[in-house]
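Novice: I would like to see how this sequence folds:
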Amino acid sequence: SGSEGPIFYPMNENKKSTKKWNGQPVVVYHPKMGDKFVSSKSPKIFDKQKVGLTFNSKHDDAKLRTEVWLDELRTGQVDERVLTAVKNQEPMEVSTGLEMNVAEKKGVHNGVEYKLRGFGYEPDHLAILPDQVGAYSVAMGGGLFANEAKAVSYDTHRDRKELKDVRPADFGDPFNRKFP
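Specialist: Below is the predicted model of the structure:
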């Protein structure tokens, strides 16, 4: 689901955007200036919300996956809850920030109604949501530590994978102190 309501994210479009997810900022919450959502790619947002970057994005098992590399010190400065969750490998909600074209196209995919179809994705950021629920929620199999979460029954709606945003996973050691 996007900010415009339910949007169908076709698998072929997810595949096309895979490499574009490499090097995207990881921020805590979607960046806003006043009431308006803005790009994460500005010094003000970097100073206030950036905690890491995405790398090694790939498309497999009908999912778009990416590694999230976090700066431990910076993550703790921006939001201690995120740092604690990551250190404890606790699943945490995320949401993608991207620009895309949309076409009006109503339909139902795996029981979910949508009014728009997205295409031509241009990723901007991955937002960590410490106290919010992402469109492709942890309960549906998304979020940080999605691979680990799947093993403990968070992947209850696997069939909705094509309708939802990026599924960050394949974490390993999430801290990388190379990024200021």
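Novice: Strands of the protein, residue ranges please.
Specialist: Using DSSP state E, the strands of the chain run over residues 7-8, 25-28, 32-33, 36-37, 50-60, 63-70, 93-109, 112-129.
Novice: Just put these in TSV and tack on mean neighbour count and distance to residue 18.
Specialist: For the C-beta atoms, the positions are set from N, CA and C on the backbone; glycine is no exception. TSV is the format used below for the strands of the chain (neighbours: other Cβ atoms under 10 Å; distance: least, Cβ to Cβ, whole Å):
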stretch	mean neighbour count	distance to residue 18
strand 7-8	22	18
strand 25-28	23	17
strand 32-33	11	27
strand 36-37	10	24
strand 50-60	19	5
strand 63-70	23	6
strand 93-109	16	13
strand 112-129	19	10
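Novice: Who does the closest residue to residue 70 other than its chain neighbours form a beta bridge with?
Specialist: What sits nearest to residue 70 in space, not counting adjacent residues and going by Cβ to Cβ, 6 or more residues apart in numbering, is residue 52, at 3.8 Å. When assigned by DSSP bridges, residue 52 has beta-bridge partners residue 26, residue 70.
Novice: same thing with residue 113?
Specialist: Going by DSSP bridges, residue 113 forms beta bridges with residue 108.
Novice: Endpoints of stretch 40-53, how far apart?
Specialist: End-to-end distance of stretch 40-53 (Cα to Cα, to the nearest Å): 11 Å.
Novice: which outside residues touch it?
Specialist: Contacts to stretch 40-53, defined as Cβ atoms under 8 Å, 6 or more residues apart in numbering, come from residues 23-29, 31, 33, 38-39, 68-71, 74-75, 78-79, 82, 97, 124-125, 128, 174, 176, 179.
Novice: how does it look with 7 Å?
Specialist: 23-29, 31, 68-71, 74-75, 78, 82, 97, 124-125, 179 (Cβ atoms under 7 Å, 6 or more residues apart in numbering).
Novice: Enumerate the positions of that stretch that are buried.
Specialist: 40, 45, 49-53 (16 or more other Cβ atoms under 10 Å).
Novice: quick one: pLDDT of residue 108?
Specialist: Note on residue 108: pLDDT of 88.
Novice: can you pull the alpha-carbon coordinates of stretch 131-145 into CSV?
Specialist: The C-alpha coordinates for stretch 131-145 follow below in CSV (Å, rounded to 0.1, in the frame of the first residue of the first chain):
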residue,chain,number,x,y,z
ASP,A,131,6.4,2.7,16.3
GLN,A,132,4.4,2.5,13.1
VAL,A,133,3.3,-0.4,10.8
GLY,A,134,4.7,-0.6,7.3
ALA,A,135,2.6,-1.4,4.3
TYR,A,136,4.3,-4.8,4.0
SER,A,137,4.3,-5.3,7.7
VAL,A,138,6.4,-7.6,9.9
ALA,A,139,3.2,-9.7,10.4
MET,A,140,3.0,-10.2,6.6
GLY,A,141,6.7,-11.1,6.3
GLY,A,142,8.4,-7.8,5.7
GLY,A,143,10.6,-5.6,7.8
LEU,A,144,14.1,-5.8,9.3
PHE,A,145,15.2,-9.3,10.1
